[in-house]
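> Just the structure for this:
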Amino acid sequence: MSDHGRISIGAGNLQEALTLVVPKASKNRLKPKPTPIIVTFDERVSMLRIEEAKHGAKSHEVPATGVWPFEAQIDGRKLRGLCEKLKPDVIVTIDVDLARLTLSSASFKAVFERIDAGGKPGIKRTNLPKNPRHRGKVEVPPDPTGKRVELDATWDFSARMPVPQHRKPKD
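The predicted structure is shown next:
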């Protein structure tokens, strides 16, 4: 297995994937929490997959070309902040090795340290936590089958309104 990978992708496609996976940073926070993402590339279908690392609840795939032999975990907020400043028609080259991920094009170069660099385990995926207010399966009472049904019955709180199918014939 190679320890280096390189792919090319349109900046618009990368922005689209990051917008769907990484939440926007709130403006009233001085230091936003990092949002770790996992970046993988499937060579068979030429798709770059970006997914949320903690639970895997959000993911998106975009077309790309190149060779990328493994997955990399990086901070998605920093990557999204950089990619939002790019023009959508720019072609971006992403180089990845065991320690860092490098984004580059004709006008810029940015280096991101990997969360799982140097043999670190990185973020372990866990299941989504259960909602504490969820009380279980909803139980619907069965319809009354042995009870007589009156077609012209009204509720206690309503006025008695004539319904066309319940009118008496005027003959």
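
> list the helices and strands the lengthiest helix in the chain packs on?
If you go by DSSP state H, the chain has its longest helix at helix 11-21. Applying 3 or more Cβ pairs under 8 Å, 6 or more residues apart in numbering; DSSP states H and E, one finds that helix 11-21 contacts strand 47-52, strand 59-63, helix 76-83, strand 91-97. Any C-beta I mention is one placed from the backbone N, CA and C, and that applies to glycine too.

> Can you tell me what sits against the next helix or strand along the chain from that helix?
The helix or strand immediately downstream of helix 11-21 is strand 36-42, counting by DSSP states H and E. Outside strand 36-42, the residues that touch it by Cβ atoms under 8 Å, 6 or more residues apart in numbering are 5, 7, 21-22, 47-54, 61, 64, 66-68, 70-76, 79, 94, 96, 101, 115, 122-123.

> Equivalent analysis for stretch 104-118, please.
11, 36, 53, 72-75, 78-79, 82, 86, 90-93, 95-96, 98-103, 122-123.

> just to revisit the earlier point, I'd like the average pLDDT over the longest helix of the chain.
Mean pLDDT, helix 11-21: 91.

> May I have that helix as CSV, with CA atoms only?
The C-alpha trace of helix 11-21 is given here as CSV (Å, rounded to 0.1, in the frame of the first residue of the first chain):
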residue,chain,number,x,y,z
ALA,A,11,-13.5,23.7,-5.9
GLY,A,12,-17.3,23.9,-6.4
ASN,A,13,-17.7,20.2,-5.9
LEU,A,14,-15.6,20.3,-2.7
GLN,A,15,-17.6,23.3,-1.4
GLU,A,16,-20.8,21.4,-2.0
ALA,A,17,-19.7,18.4,-0.1
LEU,A,18,-18.3,20.4,2.8
THR,A,19,-21.4,22.5,3.1
LEU,A,20,-23.6,19.5,3.4
VAL,A,21,-21.4,17.6,5.9
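
> Backbone dihedrals for the residue nearest the centre of the chain, please?
For the chain, Lys58 is the residue whose C-alpha lies nearest the centre (Cα atoms, centre = their mean; 2.3 Å). The phi/psi pair for Lys58 (degrees, to the nearest 10) reads phi -120, psi 140.

> Show the pLDDT at it.
Looking at Lys58, the pLDDT reads 90.

> could you list every residue that touches it?
Here Lys58 is in contact with Leu20, Val21, Glu51, Glu52 (criterion: Cβ under 8 Å, 6+ apart).

> before we move on, what SS does Lys87 have?
Following DSSP: H, G, I helix; E, B strand; the rest coil, Lys87 is assigned to coil.

> about what we covered before: please indicate which of the contacts of Lys58 are buried?
Neighbour-count burial within the contacts of Lys58 applies to Val21, Glu51, Glu52; the criterion is 16 or more other Cβ atoms under 10 Å.
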